[in-house]
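Colleague: Fold the following for me, if possible:
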Amino acid sequence: MKVLIKHMIRVEDKRVPEVREGLPLLRNADVFVDKRFELSKFGRDKICWGMARGVPLRSVIFARHLPVTLDASTKKTGCIQYRVPGSVEGRIFYPVESEVGQGSKQTKWFADFERYATGQLDVGRALFRRSRVMQIVASILEWMVRIIAYVLPSRLFVPKLSSTYDRIEPVEEGSLPLVVFSHGLTGNGDENAMLCSALTREIVGGAIVAEVHHQDGSACEAVDGCGHKIPYIPDPIGSPDPRDLRPKQVRQRANEMKSVIEYLCAIGSGEERSDPLLNRVARLIDPRRIIPVGYSFGGATVAEYCSTVGLKKVEDKCVPCAVLMDPWTYVTPRDGSQGFRLPEKAHDEGIQVPTLTLSSEEFIKSPDMQAATVNLHNKSLQPASFGVVDKTRHGNFMELCFWMPQFLVPVAARIGFYDKNNKSARDTYQKIVAAVANFIYLKTSPDAHSPLAPRMRRGISSESKMSKRGNLKE
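Modeller: Presented below is the predicted three-dimensional model:
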């Protein structure tokens, strides 16, 4: 399957945009636009990013529910678990030789499905903590999950990742970028495991991708180094004050991202660990190509990392770019108190690396979220890339549509998880993965020979303007 980005047009606007109907023009932005869509129908001065269409997308394939997903790609990915001493755990995805032995075990989408499922039930308990009925329902469901997980083999109900295998040998040599992925609120790193696996193959030349299970209380489930469960902290009402909780959480998350980067780079520079395979994988990392990527609260984590605890890496030119997938840039407290932008320093000073921000229509239609996201973009190093993915809600940036039964996907759309006007949540997610992979490649490779590269260079025009009627003119 191939997708093409037909036009990439720079929109110049020296003004700091005000919040108004539609998406404001973005200062010095490389904005992805597909001319098949009529921009005027989205409101004056709104720019709709109409999907990436031309990146070779070999290995992000339509997954099937339950069985092993099919993949036409000859490229394979390895997977290994890790834990930073005294800090977080997660999984690392890495490129391997094309030959895979018959005894190789295909990687599960979730490293521990029982932990994930019971964690989501804990989130439900927290969200409906004032409802006795929901507490009883959650308890019953938890026992059902535990019984099913105990009685039935996991292969019967846990989907597996395409072309991805546990603990197989990595490529023998290479100098590859390290992508570190930060998950969203109520999730964990495994929720975007397909993204992490696919990026190792879809970034031209390969990459090492590490997912992080955060331990700040924002994950649906987490376990510390001693095996103690870290509970999910629900949206506070009253105490603790949201203005105290969320900034503390995002700072802890940024420090956890930093600890993963330092841990893997230290191994890559020669520090030995007890796992020989981890040592061999880490030796492939290029410490001068660190790319933080985050979804939702993870997007705020990336902004916090680049503007605070990871600032030295940024200043040392070790972070060539960053990716924010539908970032959570504005917190609206449930107690009705005044909302605030997150993270504060990033909104004040910007992210000083080339940044790709992809936003859902759901988030960008919120005036407060729109103003915060556009402000973060405009304060950051320019030109930066900004895209609004057509017909999307926040859930379209997750992989639920790949591992849930397909008959439930329309149900998820009806209850608001997906945009009901989007005919294929899978198509949309594949295009998001393609855009992320190509942005990282074009920003990290000294000589990007992607088919997109010359097209992008020709398509960018400083003379491009938006007409009063909302149509693009070159």
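
Colleague: After the host helix or strand of residue 261, which helix or strand is next?
Modeller: Using DSSP states H and E, residue 261 falls within helix 242-268. Downstream of helix 242-268, the next assigned helix or strand under DSSP H and E is helix 276-282.

Colleague: ok so, going back, just checking, what packs against the helix holding residue 261?
Modeller: Where contact means 3 or more CB pairs under 8 Å, 6 or more residues apart in numbering; DSSP states H and E, helix 242-268 is packed against strand 176-182, strand 208-212, helix 276-282, strand 285-295, helix 297-307. The C-beta positions use only the backbone N, C-alpha and C, and glycine is treated the same way.

Colleague: highest average neighbour count across these?
Modeller: Mean neighbour count (mean count of other CB atoms under 10 Å) peaks for helix 297-307 among the helices and strands packed on helix 242-268, with a mean of 30.

Colleague: what residues does that one touch?
Modeller: By CB atoms under 8 Å, 6 or more residues apart in numbering, the surrounding residues in contact with helix 297-307 are 181-185, 214, 218, 249-251, 253-254, 257-258, 292-294, 314, 319, 322-329, 342-343, 345-346, 349-353, 357, 376.

Colleague: could you flag which of the residues you listed are buried?
Modeller: For the contacts of helix 297-307, a burial check counting by 16 or more other CB atoms under 10 Å picks out 181-185, 214, 218, 249-251, 253-254, 257-258, 292-294, 314, 319, 322-329, 342-343, 346, 350-353, 357, 376.

Colleague: Now render the helices and strands packed on helix 242-268 as JSON lines, adding mean pLDDT.
Modeller: Converted to JSON lines, these look like this (pLDDT from 0 to 100):
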{"stretch": "strand 176-182", "mean pLDDT": "98"}
{"stretch": "strand 208-212", "mean pLDDT": "98"}
{"stretch": "helix 276-282", "mean pLDDT": "97"}
{"stretch": "strand 285-295", "mean pLDDT": "98"}
{"stretch": "helix 297-307", "mean pLDDT": "98"}
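
Colleague: Out of the ones you listed, which gets nearest to residue 262?
Modeller: Residue 262 sits nearest to strand 285-295 of all the helices and strands packed on helix 242-268, at 9.8 Å, using CB to CB.

Colleague: What angle do strand 208-212 and that closest one make with each other?
Modeller: Between strand 285-295 and strand 208-212, the angle comes out at 50 degrees (axes from the mean of the first three to the mean of the last three CA atoms, to 10 degrees).

Colleague: Which element, helix or strand, includes residue 81?
Modeller: For residue 81, the enclosing helix or strand under DSSP H and E is strand 77-83.

Colleague: Give me the residues contacting that strand.
Modeller: With CB under 8 Å, 6+ apart, strand 77-83 has contacts from 89-96, 107, 111, 161, 163-170, 197, 200-201, 210, 225, 263-264, 275, 277-278, 281.

Colleague: Show me those residues that map onto helices.
Modeller: Those of those mapping onto helices are 197, 200, 201, 263, 264, 277, 278, 281, per DSSP state H.

Colleague: Would you confirm that the second one contacts residue 207?
Modeller: In other words, residue 200. Yes - with contact defined as CB atoms under 8 Å, residue 200 counts as touching residue 207 (5.4 Å).

Colleague: Now the common contact residues for those two.
Modeller: Contact criterion CB under 8 Å, 6+ apart; residues shared by residue 200 and residue 207: residue 95.

Colleague: Settle this for me: residue 283 is touching residue 268, isn't it.
Modeller: Yes - the pair residue 283 / residue 268 is scored as a contact, 5.6 Å apart, by CB under 8 Å.

Colleague: These two: which is more packed in?
Modeller: Counted by other CB atoms under 10 Å, residue 283 and residue 268 do not tie: residue 268 has more neighbours, with 20 against 15.

Colleague: low-confidence ranges in the stretch 101-250 of the chain?
Modeller: The stretch 101-250 of the chain contains residues with pLDDT under 70 at 153-157, 237-240.

Colleague: how about the strands of it, start to end?
Modeller: Taking DSSP state E, counting those that start in this stretch to define them, one finds strands in the stretch 101-250 of the chain at 106-108, 160-166, 176-182, 208-212.

Colleague: What residues does the nearest residue in space to residue 113 that is not next to it in sequence make contact with?
Modeller: Excluding the flanking residues, the one nearest residue 113 by CB to CB, 6 or more residues apart in numbering is residue 158, at 4.7 Å. When contacts are counted by CB under 8 Å, 6+ apart, residue 158 touches 108, 109, 110, 113.

Colleague: Which of those sits closest to residue 428?
Modeller: residue 109 (18.8 Å).

Colleague: Could you report the neighbour count for the closest one?
Modeller: Close neighbours of residue 109, defined as other CB under 10 Å, add up to 22.

Colleague: give the contact list for it.
Modeller: Contacts of residue 109 (CB under 8 Å, 6+ apart): 158, 159, 160, 161, 190, 193, 194, 399, 403.

Colleague: Among these, which lie within helices?
Modeller: Among the contacts of residue 109, DSSP H puts 193, 194, 403 in helices.

Colleague: Among those residues, which one has the most neighbours?
Modeller: The residue in the ones in helices among the contacts of residue 109 with the most neighbours, by other CB under 10 Å, is residue 193 (27 neighbours).

Colleague: For that residue, which non-adjacent residue is spatially closest?
Modeller: Residue 193 sits nearest to residue 109 (CB to CB, 6+ apart), 5.4 Å away.
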